[in-house]
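Engineer: build me a structure from this.
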Amino acid sequence: MEKQRLVITGMGAVTPIGIGVAEYWKALVQGACGIGKITRFDASSLRVQIAAQVKAFDPAAYMPKTLARTMAPFMQYAYTAAKEALEGSGLEIAPESDRIGIVMGTAMDGVTTVAQTQEAFDAGQRVGPRFVPMTIGNIAAAQIAISYGIHGPSLTLNTACSAGGDAVMTAAMLLRTGEADAVLAVGGESILCPIVVAGLAQAQALSRRNENPEGACRPFDAKRDGFVIGEGGGALLIETEAHALARGATIYAELAGYANTSDAHHVTAPCPDGAGAAECMKRALARAEMVPSEIGYINAHGTSTVLGDKAETLAIKAVFGGKETAPPVSSTKSATGHLMGAGGLTEAIACILAIQEGILPPTLHLDTPDAVCDLDYVPHTARRAEITAAMSNSLGFGGQNSSLIFRKYHRGEWC
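Structural biologist: Predicted coordinates for the structure are as follows:
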């Protein structure tokens, strides 16, 4: 049986540097940074007081107020990104609702709602009836399905910071096994609450540059000191090529390859030599039937942690070679912070638009070269580059590795 090609026909984004794909991309290539002081709550007593928050987001602009009240922020962001992807795709859902599916990716579900509710409960307030539906991850997909009448498969993944990438892979698996003709891969995350910030700070995972928020996330820089929490949502509508062509859809790119592996090393630290991530990239290339030299750009996981950036650099070098042969690499987390479960989707969108627009987004704040991170990281400013394929890496706690490959779409031929 001939392998079905899979294509991207819809995109949606909610990020700390812009709401909507166009605004997000414009800010990304212009070098905007969404990191600042935490304003969602009083963080003055915490060691870490900075984050990349979604700004000027009014849920009522994207959904009925009654619906917004039943959803935690991570759900609202996912729903808004899904709305943009679905409505922008032109997909008519009703005639084939049982052939359309959803895969949701999130790392920590409604943890902020849990923390806020516990605080209120300890103060003597009653727990409301919406508490549980606002905290479990699958309700984000359920709310999208209810709103749009989607009756196909619905799955939710909690694979830490690789959840967004894994949502895309799972969507591809559903399509290739004939369970659906179109699948919405969506991610949402919002973990900004004192207990999570304090816990990650205690684990030495977060940057403590409270005096310089914009310069805090500096992937691959010798003076990096940890990641910055971000929040947001992302979505891709993925279809079989035959289904997309039959309805005359606009095709943005081909999903050429995908893979997932596990380090089996440590619950928080990556495998020091990046072996698990390297194997993941190799498997994605094999599935795409591509060789390393065909990849023109890599959107790295690149969180700005000492161990993580080094391990990912080693992994990339193990697959692509050194600076002379490896493609340009950048980390857009330097602009958006770490969107966790949503990051795999928003970073995939950055890859798709890099292919379409011929622009590679930059790694901001890479001021001091690091001898152990010695690739071309597109420092400071965006770069013009005509590419036909890009890879997106998402690596998570527990040794989760996800790699996706997007390729320029050409009808009727393999690139």
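
Engineer: quick check: the closest residue in space to Arg218 that isn't next to it in sequence vs Thr381, distance?
Structural biologist: Closest residue in space to Arg218, ignoring its immediate chain neighbours: His365 at 3.9 Å, by Cβ to Cβ, 6 or more residues apart in numbering. Bear in mind the C-beta positions are built from the backbone N, C-alpha and C, glycine included. Distance, His365 to Thr381, by Cβ to Cβ, to the nearest Å: 12 Å.

Engineer: over to Ser334?
Structural biologist: With distances taken as Cβ to Cβ, Ser334 is found 12 Å from Thr381.

Engineer: out of the two, which sits in the busier spot?
Structural biologist: Counted by other Cβ atoms under 10 Å, Ser334 and Thr381 do not tie: Ser334 has more neighbours, with 32 against 13.

Engineer: run through the neighbouring helices and strands of the helix or strand the more buried one falls within.
Structural biologist: Per DSSP states H and E, Ser334 falls inside helix 333-336. In terms of contacts (3 or more Cβ pairs under 8 Å, 6 or more residues apart in numbering; DSSP states H and E), helix 333-336 is packed against helix 21-29, helix 343-357.

Engineer: point out where this protein drops to low pLDDT.
Structural biologist: Applying pLDDT under 70 to the chain flags residues 1-2, 413-415.

Engineer: that older thread, shared neighbours, Ser334 and Thr381?
Structural biologist: Common neighbours of Ser334 and Thr381, using Cβ atoms under 8 Å, 6 or more residues apart in numbering, are Pro362.

Engineer: how about the secondary structure of the residue sitting furthest away from the middle of the chain?
Structural biologist: In the chain, Gly124 marks the outermost C-alpha relative to the chain mean, sitting 37.8 Å out by Cα atoms, centre = their mean. The three-state label given to Gly124 by DSSP: H, G, I helix; E, B strand; the rest coil is coil.

Engineer: show me what Ala52 is bridged to.
Structural biologist: Ile35, Gly230 (DSSP bridges).

Engineer: could you pull out the helices for the stretch 101-250 of the chain?
Structural biologist: For the stretch 101-250 of the chain, the helices defined by DSSP state H, counting those that start in this stretch cover 111-122, 138-148, 163-176, 194-202, 241-246.

Engineer: so which bits of stretch 26-39 are buried?
Structural biologist: Buried residues in stretch 26-39, counted by 16 or more other Cβ atoms under 10 Å: Ala27, Leu28, Val29, Ala32, Cys33, Gly34, Ile35, Gly36, Ile38.

Engineer: surely the fourth one forms part of a strand?
Structural biologist: No. If the criterion is three-state DSSP, then Ala32 is coil and not within a strand.

Engineer: pretty sure it contacts Ala335?
Structural biologist: Yes. With contacts counted by Cβ atoms under 8 Å, Ala32 reaches Ala335, the gap being 6.2 Å.

Engineer: overlap in contacts of the two?
Structural biologist: If you check Ala32 and Ala335 against Cβ under 8 Å, 6+ apart, the residues they both contact are Ile17.

Engineer: what's the distance between Tyr148 and Ala85?
Structural biologist: Relative to Ala85, and taking Cβ to Cβ, Tyr148 is found at 11 Å.

Engineer: the more surrounded of those two?
Structural biologist: Ala85 (27 against 19).

Engineer: list the contacts for the more buried one?
Structural biologist: Taking Cβ under 8 Å, 6+ apart as the test, what Ala85 contacts is Gly10, Met11, Gly12, Leu184, Val186, Ala235, Leu236, Leu237.

Engineer: closest one of the residues you listed to Ala350?
Structural biologist: The closest of the contacts of Ala85 to Ala350 turns out to be Met11 (Cβ to Cβ; 10.4 Å).

Engineer: just grab the bridge partners of the closest one for me.
Structural biologist: Note on Met11: beta-bridge partners by DSSP bridges are Leu236.

Engineer: look up how far Ala269 lies from it.
Structural biologist: 33 Å.

Engineer: which one's more surrounded, the two?
Structural biologist: Met11 (27 against 14).

Engineer: quick one, what contacts that one?
Structural biologist: Val21, Glu84, Ala85, Gly88, Ala235, Leu236, Leu237, Tyr252, Ile349, Ile352.

Engineer: need the max-distance pair from the residues you listed.
Structural biologist: Glu84 and Ile352 (14.0 Å).

Engineer: state which helix of this structure is the longest.
Structural biologist: What stands out as the longest helix in the chain, according to DSSP state H, is helix 73-89.

Engineer: quick one on the thing from earlier: quick one: the residue nearest to Arg218 and Asp221 touch, right?
Structural biologist: Yes. Contact criterion Cβ under 8 Å: His365 and Asp221 qualify, at 6.4 Å.

Engineer: in a helix, Lys55, correct?
Structural biologist: No. Assigned with three-state DSSP, Lys55 falls outside any helix and is coil.

Engineer: ok, Ala242 - contacts?
Structural biologist: Gln4.

Engineer: what's the distance between it and Glu289?
Structural biologist: In terms of Cβ to Cβ, Ala242 sits 19 Å off from Glu289.

Engineer: and what of Val267?
Structural biologist: From Val267 over to Glu289 the distance is 35 Å, taken as Cβ to Cβ.

Engineer: looking at these two, which is more packed in?
Structural biologist: Shown here are Val267 and Glu289; by other Cβ under 10 Å, Glu289 has more neighbours (12 against 8).

Engineer: quick one, phi psi at the more buried one?
Structural biologist: For Glu289, the backbone dihedrals are phi 60, psi 50 (criterion: degrees, to the nearest 10).

Engineer: do the same with Asp42
Structural biologist: Asp42 adopts backbone torsions of phi -80, psi 110, taken as degrees, to the nearest 10.

Engineer: all strands for the stretch 201-350 of the chain, in order.
Structural biologist: 232-240, 253-262, 297-299, 329-330 (DSSP state E, counting those that start in this stretch).

Engineer: hey, which of the ones you listed is tucked in deepest?
Structural biologist: Highest mean neighbour count of those: strand 232-240, a mean of 31 (counted as mean count of other Cβ atoms under 10 Å).

Engineer: could you export that strand as PDB, keeping only the C-alpha atoms?
Structural biologist: In PDB, the C-alpha atoms belonging to strand 232-240 read as follows (Å, rounded to 0.1, in the frame of the first residue of the first chain):
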ATOM      1  CA  GLY A 232       0.300  30.000  25.200                       C
ATOM      2  CA  GLY A 233      -1.300  27.700  22.600                       C
ATOM      3  CA  GLY A 234      -0.700  26.300  19.200                       C
ATOM      4  CA  ALA A 235      -2.500  24.300  16.600                       C
ATOM      5  CA  LEU A 236      -2.000  22.600  13.300                       C
ATOM      6  CA  LEU A 237      -4.700  21.000  11.100                       C
ATOM      7  CA  ILE A 238      -3.100  17.900   9.400                       C
ATOM      8  CA  GLU A 239      -4.800  16.100   6.600                       C
ATOM      9  CA  THR A 240      -4.100  13.300   4.100                       C
END
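
Engineer: perfect, I'm done here.
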